[in-house]
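**Q** sequence and predicted structure below; questions after.
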Amino acid sequence: MLPPEHFTEDLDFGHGRIETRKCSVIGDLSLIEKPTLWKSITTIIKVESERYIKSTGEQQNETRYYISRFATSAEHILSAIRSHWAIENMVHWSLDVSFNEDASRKRAGNAAINFIVINRLALNLLKKDDHKIGVKSKRLMAGWSNDYILKVLNF
């Protein structure tokens with residue numbers, strides 16, 4: 001592997017763990033096969049995570065690779081990746097709290113993915129409503145009131 005042009009290391013203490021993240025950004029794409037198929041790529045990114053769980057003493061290691069069309073610093077890329085997952089985790093948390101998704105036992109065929117799509121659609125519609133109450137309460141109101149559900153659905 002070629003040496004990175006940009007490198008950063010981030011240390012995070014929280015949620016009962018110590019996590020080290022190393023981000024390497026490589027802009028030299030001369031070793032890529034069939035470069036004409038990858039015209040918009042400008043960088044390859046490698047993120048190595050090392051997690052130490054304080055309560056159990058367990059060590060977890062993970063390496064992720066990304067391709068990007070942005071040529072920027074490792075700090076900026078690592079921050080963008082962390083922001084993306086923060087948003088993704090927030091949506092998952094909202095779906096679990098409001099729709100109890102983690103307890104779902106839908107396994108047959110496409111049932112699970114179909115319900116995820118429906119739940120995300122419902123979550124977005126409920127969040128758009130201007131009532132100053134939580135999504136779970138809005139969901140209950142939608143079940144109790146035809147007028148409210150029609151308002152949420154914009155009918």
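**A** Ah, there it is.

**Q** all contacts plus neighbour counts: C-alpha atoms, from now on.
**A** Noted.

**Q** so which elements touch the helix or strand harbouring I116?
**A** I116 is part of helix 111-128, with elements assigned from DSSP states H and E. Helix 111-128 is packed against helix 74-99, helix 135-144, helix 146-152, with contacts defined by 3 or more CA pairs under 8 Å, 6 or more residues apart in numbering; DSSP states H and E.

**Q** first to last residue in stretch 36-49, what's the distance?
**A** 32 Å (CA to CA, to the nearest Å).

**Q** so which other helices or strands are in contact with the lowest-mean-pLDDT helix or strand in the chain?
**A** The helix or strand of the chain with the lowest confidence, counting by mean pLDDT, DSSP states H and E, is helix 74-99 at a mean of 79. Counting contacts by 3+ CA pairs under 8 Å, 6+ apart, helix 74-99 is packed against strand 6-14, strand 17-26, helix 111-128, helix 135-144.

**Q** pick the most deeply packed of these.
**A** strand 17-26 (a mean of 20; mean count of other CA atoms under 10 Å).

**Q** the next helix-or-strand element following that one to strand 17-26, inter-axis angle?
**A** Sequence order places strand 43-53 as the next helix or strand after strand 17-26, per DSSP H and E. For strand 43-53 against strand 17-26, the angle by axes from the mean of the first three to the mean of the last three CA atoms, to 10 degrees is 170 degrees.

**Q** which SS class is A71?
**A** Judged by DSSP: H, G, I helix; E, B strand; the rest coil, the three-state class of A71 is coil.

**Q** and the protein, what are its domains?
**A** 6-85, 104-152 (automatic domain parsing).

**Q** could you dump those to CSV with distance to D96?
**A** Below are these laid out as CSV (distance: least, CA to CA, whole Å):
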stretch, distance to D96
domain 6-85, 16
domain 104-152, 10
